[in-house]
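> Below are the sequence and a predicted model; questions follow.
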Amino acid sequence: MAKEQNHSDFSEMSRRGFLKGIGAGGAATGLLSEASMHDAQAAQKGIKGPGEIPITLNINGKTHRVRVEPRVTLLDLMRNRLDITGAKKVCDKATCGACTVLLDGDPVYACSVLAVEAEGRAVTTVEGLGSSKNLTKVQESFVERDAQQCGFCTPGFVMASTAFVRDNPNATVDEVREGLGGNLCRCGTYAGMMLAVSDAAKNKGGSNG
């Protein structure tokens, strides 16, 4: 049987709880006041956030005006808000390359770029390359060499390869392997992809563009 407690015990517990509640409430009020002061100071310094702010992005040549919290990544904004889903969210730690896009022509991991950082810059995703009826040399080579299995990592590889071929015409397979070391394929379709990119690089080297 549970031990009976007298009225004074309950009174003491109630007073103690009441005092603790006052202390917690005071601390919370202090924190809120400090946070409000911090936000006001940040606004005076021109710092934006943490709430949503308006930004304008240029993705695949199209203008997108959105409101977004400064902490949101370019990848999450594109996939969750703009329905641009070519870049895949896999590791979300900038290690696998499945989310690779071009930012002003340079390959970047979209999961490690804030959406606000992309404002005023040109973003290109796999949707912005050739169409099914007009493939780029890289895309054609991926098809011809059967350089995909599940296809989940393929958009990231195509984007990274597009930048690599542009900067490294006539690259050898060994150079391709080193140049695309930042992209991973869980299916292990590396042989086909290395040949595909090498083919595209040779075509690039023998043409004017």
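Received, thanks.
> isn't residue 111 right next to residue 95, touching?
No - judged on CB atoms under 8 Å, residue 111 makes no contact with residue 95 at a distance of 9.4 Å. Using the backbone N, CA and C atoms, a C-beta is placed for each residue, glycine as well.
> more crowded one of these two?
residue 111 (23 against 14; other CB atoms under 10 Å).
> OK, contacts around the residue lying closest to residue 60 once chain neighbours are set aside?
Distances taken as CB to CB, 6 or more residues apart in numbering put residue 128 closest to residue 60, at 3.2 Å, once the chain neighbours are dropped. Listed by CB atoms under 8 Å, 6 or more residues apart in numbering, the contact set of residue 128 reads 59, 60, 61.
> So what does residue 128 look like in phi/psi?
Dihedral angles of residue 128 (phi, psi; degrees, to the nearest 10) stand at phi -90, psi 0.
> Model confidence for it, exactly?
Residue 128 is assigned 96 on the pLDDT scale.
> again, but for residue 156
Confidence score, pLDDT, at residue 156: 97.
> for residue 169, helix, strand, or coil?
coil (DSSP: H, G, I helix; E, B strand; the rest coil).
> Quick check: it vs residue 121, distance?
25 Å (CB to CB, to the nearest Å).
> how close does the residue nearest the centre of the chain sit to residue 191?
What sits nearest the mean C-alpha location of the chain, by CA atoms, centre = their mean, is residue 111, with 1.9 Å. To residue 191, residue 111 is 27 Å away according to CB to CB.
> next one: residue 168
19 Å.
> Those two: who's more crowded?
Using other CB under 10 Å, the more surrounded residue of residue 168 and residue 191 is residue 168, with 16 against 12.
> Having no further points to raise, I will conclude here.
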